[in-house]
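Novice: for reference, the sequence and a predicted model appear below.
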Amino acid sequence: MPLDRATETYLRHVAIERGLSQHTLSAYRRDLAVFTSWLATASVVESDGADRAGGASAIDDVGRLARADVSEFVTYLATKPDGPLAPRSIARMLSSVRSFTAFAAGEGWLPLDPGTAVRPPKAPMRLPKAISVEDMERLLGAVSTDVSADGVSGVDDPVRLRDKALLELLYATGARISEAVGLSVDDVTTLSDDSAPDADGLAVVKVTGKGNKQRVVPLGSFARAAIDAYLVRARPVFAARGASTPALFLGARGARLSRQSAWLVIQSAAGAAGLEAHVSPHTFRHSFATHLLEGGADVRVVQELLGHASVATTQIYTMVTADMLRDVYQTAHPRARR
């Protein structure tokens, strides 16, 4: 099968069968475009020592892909003359290619999967960056709904009410920014379960994460109060400016709030709070997990709340809290200092 047709067939498959988001699908498409463009110009040495000629005819059929192609592609990414990619970027791109070759082998276009044995370069471990509870309180308090800068009551300011609700929800749930702006009004609800009377009346939000998987995350009282105020006093103002939409968070023209606009809300609040640390949408997610673990939450509970498929992904946050405990001990204990 022609390579370009094979990639399009694969992308349609993952979009339908795996329910990938448009953002993830676009990333897969970009990664495979880089791979196929490289295949058209690369000169690859086969396992038998023969040189595969470069040029547009080098590989134009998926059935000609070999392990050497995938491994040499990784080498190319790590040594690009116009700037080598970082190990994490290489790993992400290789993941896209391996997913494609596995699909091609499964469809019978390849006798064996050439990507199976190819491993990405080892990336250095980067611990997630969270801010302290005190800094988070300052950030959330920076969007006041009391009195705005121009003297207008914040209670009547729809933008401030929306921004406050968004920030409180991000910290209360640990949701990714794409998950937060993707919420609908009906996703915020109250549990009513006769089999669990302690949970009756608990405010929750139904978050749809990667792979279209849904999880239910409790909403604290501060987040619920901010969302209620936004729904009553602000959302109708935004909704009147555009077409009807079930989206929870709306922009100035009444459409669903974009990720870019939500990012600007966070940057504005961080600036108003005077925080020196860089604050991104993921800072809320990292802080949510770190503060829960510091408070004694079980790592598997945090895993469920974050929507991680593997607990190993969540355990990196335990290293953050362990580092903090070690630093506190070495600073405070009289016999820890040398």
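Specialist: Arrived safely.
Novice: alpha carbons of stretch 4-21, as CSV, please.
Specialist: Provided in CSV are the C-alpha atoms of stretch 4-21 (Å, rounded to 0.1, in the frame of the first residue of the first chain):
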residue,chain,number,x,y,z
ASP,A,4,0.7,8.2,2.2
ARG,A,5,-2.5,6.2,1.9
ALA,A,6,-1.4,3.9,4.7
THR,A,7,-0.8,6.9,7.1
GLU,A,8,-4.2,8.4,6.2
THR,A,9,-5.9,5.0,6.9
TYR,A,10,-4.1,4.7,10.2
LEU,A,11,-5.1,8.3,11.3
ARG,A,12,-8.8,7.6,10.4
HIS,A,13,-8.5,4.4,12.5
VAL,A,14,-7.2,6.0,15.6
ALA,A,15,-9.6,8.9,15.3
ILE,A,16,-12.6,6.5,15.2
GLU,A,17,-11.5,3.4,17.2
ARG,A,18,-9.5,5.1,19.9
GLY,A,19,-11.5,8.3,20.2
LEU,A,20,-8.4,10.5,20.2
SER,A,21,-8.8,14.2,20.6
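Novice: what's the neighbour count on the residue nearest to residue 243 when sequence neighbours are not counted?
Specialist: Among residues not flanking residue 243 along the chain, residue 254 sits closest, at 6.9 Å (Cβ to Cβ, 6 or more residues apart in numbering). C-betas here are computed from N, CA, C, even on glycine. Residue neighbour count, defined by other Cβ atoms under 10 Å, stands at 17 for residue 254.
Novice: surely residue 254 and residue 237 touch.
Specialist: No - using Cβ atoms under 8 Å, residue 254 makes no contact with residue 237, being 9.1 Å away.
Novice: quick one: the residue nearest to residue 261 when sequence neighbours are not counted from residue 262, how far?
Specialist: Nearest residue to residue 261 in three dimensions, chain neighbours excluded: residue 251, at 5.7 Å (Cβ to Cβ, 6+ apart). For residue 251, the distance to residue 262 (Cβ to Cβ, to the nearest Å) stands at 9 Å.
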